[in-house]
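**Q** I'll drop the sequence and a predicted model, then ask my questions.
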There are 2 protein chains.
Amino acid sequence: MKDIVKDLFIKNDKKIVLLVMDGVGGLPREKGGKTELETANTPNFDALASEGECGLHLPIGFGITPGSAPGHLALFGYQPTDYPIGRGIVAALGIGFPIQSGDVAIRMNFATRDGEGRITDRRAGRIPTEKCAELCQLLSTISIPGVELFIQPVKDYRAVVVFRGDGLSDHVEDTDPQATGVKPYDPKATSPKGEKTAHIAGQFIGQALELLEDRPPTNAVLMRGFAVLPHIPSMRERFGLDPVALAVYPDYKGVSRLVGMDVVEDLQDLDAQAAALRENWDHYTYFFVHHKYTDSKGEDGDFEAKVAEIEKVDRFVPEILKLKPDVLLITGDHSTPAVMRAHSAHPVPFLLHAENLRPDVTPEFGERACSRGVWGVIPGAMLMRLAMAEAEKLAKFGA
Amino acid sequence: MKDIVKDLFIKNDKKIVLLVMDGVGGLPREKGGKTELETANTPNFDALASEGECGLHLPIGFGITPGSAPGHLALFGYQPTDYPIGRGIVAALGIGFPIQSGDVAIRMNFATRDGEGRITDRRAGRIPTEKCAELCQLLSTISIPGVELFIQPVKDYRAVVVFRGDGLSDHVEDTDPQATGVKPYDPKATSPKGEKTAHIAGQFIGQALELLEDRPPTNAVLMRGFAVLPHIPSMRERFGLDPVALAVYPDYKGVSRLVGMDVVEDLQDLDAQAAALRENWDHYTYFFVHHKYTDSKGEDGDFEAKVAEIEKVDRFVPEILKLKPDVLLITGDHSTPAVMRAHSAHPVPFLLHAENLRPDVTPEFGERACSRGVWGVIPGAMLMRLAMAEAEKLAKFGA
């Protein structure tokens, strides 16, 4: 089905807005209760839902819990199983690092270890980004023969490391044990192809630990998501859209760049995103607006705070409507139920608003209402098709 | 999508129970009436449905009436169109016959013919299994050059024949005319590859008719389902599960063995199945409990008796719940509406019960209630993914 849209797309000036509440799908706090989205007071979403078409989508497939990057690829119209992308690449793209074909990118956390090398805090007390930048500069003095190194801060305790050289590979296991009280793993090749890279990573970690020795709580590093650049056709090539991303968090800018979106920098909150939307309105045909904190609060297990974040985004909706988008799609990249404190495989509610729609029986935007919507449960990557169709960006198939 | 689960599965101790009411899906007896499942008094199913997620599944695909073996393959997580398996193989595996690669297995019925060779009873008066065993021993005296023969009783009038030798094939048509008043067909090759096997089958039938000549009502044999062993990756390989089958009927043990399940022998009824479930609880992570008679009564056209069988299984549910399974999936392998007296292509109601579920608007377990469930109509093979996700046996896809 991949190429059918490529042959059918039509360029026009109609505007599509994709508003993503990260991890918006939820579960009831108690049996028989309401989910976060059902609990939230969302007059704007509900008005759109009652006029629009609703349903649920599966970003990857039945039973599969999406990571953030593949969840977004689905929303951008790409079946994620066709384009596996590693965390390191997402992080590198997120900070705008000019990654090249052949580079290996790795997510790195600064962490805390005890006297015996056991990890006591996987996030080094959540140090500020400035501290992280300082430590990255320190680690940039590391030298390993035959490979060029780049160490860049991302946010808080998170950094990205890029190895550039010949014969590198992403066939290396994470060193992050994903637990405290244990030592980090050694970087281990998962195939002979990965041995050179694993060896370099081992040298890097060794030198880093020496440099960080006397600097608790940042006296350890954890590496994960060894990754190389995948080839993904851009949204311009594949869908004929002129896309722009309005996201606060680096990772979402990263996945946007991966599909060839322009990215507006230095957006700190929804107000800034609203202003950027207005400023860029005439220059693009596809606008991706991302709100992270619905997911963060879900991962924190904070049901009420997630409800509040949803309400915050609901209040943002008039800013979009003022611009009169031809198509407005509101959804999430996956579910993050507060009761599970994690991403989950549950299908994600969506709401499609445009001119020529079949009204369904969904007087509100919520998981149960959407399950009674006209679309049922559909693959996430098909949402792009629905949006393009409503924006009259897809030609008739056949005569 | 086939390999994605293989890369993501997580082994843990959580328990999944699949409770199958064979042929459970039905139709109303009269226009506007209720189906068998809707008619049945099922307080346990209904309680689970009101807490759980419901939907309908298509074991093979839209409009396709499933046979028993492919219907079950779907429930075990295998898209049946990827793994065609013949009836002969299912029957041979069902009785624990040590079938080998290259063998051809054929289902054989003892039947009754009149003086002109026309079939008057396709089931030979439903002779008891002991009589069948005796006749199989008699037929074991048959000798055909270049091929080894195995003739084994299955149940009642049903037996299985295995040909072992070089150059055999399953490209042979059934001899069973599926009707009375007509002569059986000759075994006919459907391609040049099948000619040797068809010839052997012809010789076998000729000798069998001589041996059975004076033994009405068992003076004929009908062969169907010429089959060779397909390669199917085991549930351990493919899903990381430790599976066990608790089934009364041989065919269902057969299809279970085909996917590498352990099989508990000598279970005669639901009480024995309940006891076996308890005894094996600590040793497995996936339990397949099969009830045949919902299908049998449907095929008999006995609406009331099918309702009674459904109620019997409902009363069995507390035996499962006592063990506190992490995931309980209740469904059928296909529909067998009593009004049709046959398997049908209608989607099959299912009910998924676990900890982290979206409640839907299904206060009871029935076809119409399930059609309003959260899942809509989904491929049967996807039920395994939903069950594994709820049992936290699938890792996140991507970072």
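**A** Nice, I can see it. Numbers count the residues shown, from 1 in each chain, chains lettered A, B, ... in the order given.
**Q** going forward, measure contacts between C-alpha atoms and count neighbours the same way
**A** OK.
**Q** Just list the residues touching A:A179, thanks.
**A** Counting by Cα atoms under 8 Å, 6 or more residues apart in numbering or on different chains, A:A179 makes contact with A:119, A:122.
**Q** Could you point out the bridge partners of A:V162 in the sheet?
**A** On the basis of DSSP bridges, A:V162 takes part in beta bridges with A:A105, A:F150.
**Q** Share the number of residues neighbouring it, please.
**A** Residues within reach of A:V162, counting by other Cα atoms under 10 Å in any protein chain shown, total 25.
**Q** does it really touch A:S101, like I thought?
**A** No. With the criterion set as Cα atoms under 8 Å, A:V162 and A:S101 do not qualify as a contacting pair; they are 11.7 Å apart.
**Q** Tell me which residue of the stretch 201-350 of chain A lies closest to chain B.
**A** Proximity to chain B, evaluated over the stretch 201-350 of chain A using Cα to the nearest Cα, is greatest for A:A345 at 6.7 Å.
**Q** so who does that residue touch?
**A** With contacts defined as Cα under 8 Å, 6+ apart, the neighbours of A:A345 are A:58, A:62-66, A:334-335, B:389.
**Q** Check A:G194 too.
**A** A:G194 makes contact with A:168-172, according to Cα under 8 Å, 6+ apart.
**Q** Can you name the two of those residues that sit furthest apart?
**A** Using Cα to Cα, the contacts of A:G194 reach their maximum pairwise distance at A:L168 and A:V172, which is 10.1 Å.
**Q** any common contacting residues for these two?
**A** Both A:L168 and A:V172 are contacted by A:194, A:197, under the criterion Cα under 8 Å, 6+ apart.
**Q** Between those two, which is the more surrounded one?
**A** Per other Cα under 10 Å, whichever of A:L168 and A:V172 has more neighbours is A:V172, with 25 against 20.
**Q** That one against A:P192, yeah?
**A** No. Taking Cα under 8 Å as the contact criterion, A:V172 and A:P192 are not neighbours in contact, 9.8 Å apart.
**Q** Up against chain B, what does the stretch 101-250 of chain A have?
**A** Contacts of the stretch 101-250 of chain A with chain B, taken as Cα under 8 Å from any Cα of the partner chain, map to A:G225.
**Q** Try it again at 10 Å.
**A** Residues of the stretch 101-250 of chain A lying near chain B by Cα under 10 Å from any Cα of the partner chain: A:224-225.
**Q** Now do the strands in the stretch 101-250 of chain A.
**A** Taking DSSP state E, counting those that start in this stretch as the criterion, the stretch 101-250 of chain A carries its strands at A:104-113, A:119-121, A:148-155, A:158-164, A:220-227, A:243-246.
**Q** Let's have these in CSV, adding mean pLDDT.
**A** As requested, the strands of the stretch 101-250 of chain A are arranged in CSV below (pLDDT from 0 to 100):
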stretch, mean pLDDT
strand A:104-113, 97
strand A:119-121, 96
strand A:148-155, 96
strand A:158-164, 97
strand A:220-227, 96
strand A:243-246, 98
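**Q** What are the buried residues along the least confident helix or strand in chain A by mean pLDDT?
**A** None of the helices or strands of chain A scores lower by mean pLDDT, DSSP states H and E than helix A:2-8, at a mean of 82. Of the residues in helix A:2-8, those buried under the neighbour-count criterion (16 or more other Cα atoms under 10 Å in any protein chain shown) are A:5-6, A:8.
**Q** Please apply the same query to stretch A:121-132.
**A** Going by neighbour count (16+ other Cα under 10 Å), the buried part of stretch A:121-132 is A:121-127, A:129, A:132.
**Q** ok, now stretch A:197-217?
**A** Under the neighbour-count criterion of 16+ other Cα under 10 Å, stretch A:197-217 has A:197-202, A:204-205, A:207-209, A:211-212, A:217 buried.
**Q** can you list those residues in CSV and add distance to A:K253 and pLDDT?
**A** Shown next, in CSV, are these (distance: Cα to Cα, whole Å; pLDDT from 0 to 100):
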residue, distance to A:K253, pLDDT
A:T197, 27, 97
A:A198, 28, 97
A:H199, 31, 97
A:I200, 28, 97
A:A201, 26, 98
A:G202, 30, 97
A:F204, 27, 98
A:I205, 28, 97
A:Q207, 31, 97
A:A208, 28, 97
A:L209, 31, 96
A:L211, 31, 97
A:L212, 30, 97
A:P217, 29, 94
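**Q** Chain neighbours aside, what residue packs nearest to A:V160?
**A** Across the structure, with Cα to Cα, 6 or more residues apart in numbering or on different chains as the measure, the residue nearest A:V160 apart from its sequence neighbours is A:R107 (4.7 Å).
**Q** give me the number of residues near the one you found?
**A** When neighbours are defined as other Cα under 10 Å, A:R107 has 25 of them.
**Q** what's near enough to touch it?
**A** A:86-92, A:152, A:154, A:158-162, A:174, A:222-227 (Cα atoms under 10 Å, 6 or more residues apart in numbering or on different chains).
**Q** just A:P349 next, same as before
**A** For A:P349, the contacting residues are A:24-26, A:37, A:54-58, A:330-335, A:365-371, A:373, A:376-377, by Cα under 10 Å, 6+ apart.
**Q** who's in contact with stretch A:213-220?
**A** With contacts defined as Cα under 10 Å, 6+ apart, stretch A:213-220 is touched by A:109-114, A:117-127, A:131-132, A:135, A:157, A:184, A:205-212.
**Q** Quote the end-to-end distance of that stretch.
**A** By Cα to Cα, to the nearest Å, the extent of stretch A:213-220 from end to end equals 8 Å.
**Q** Understood, closing this out.
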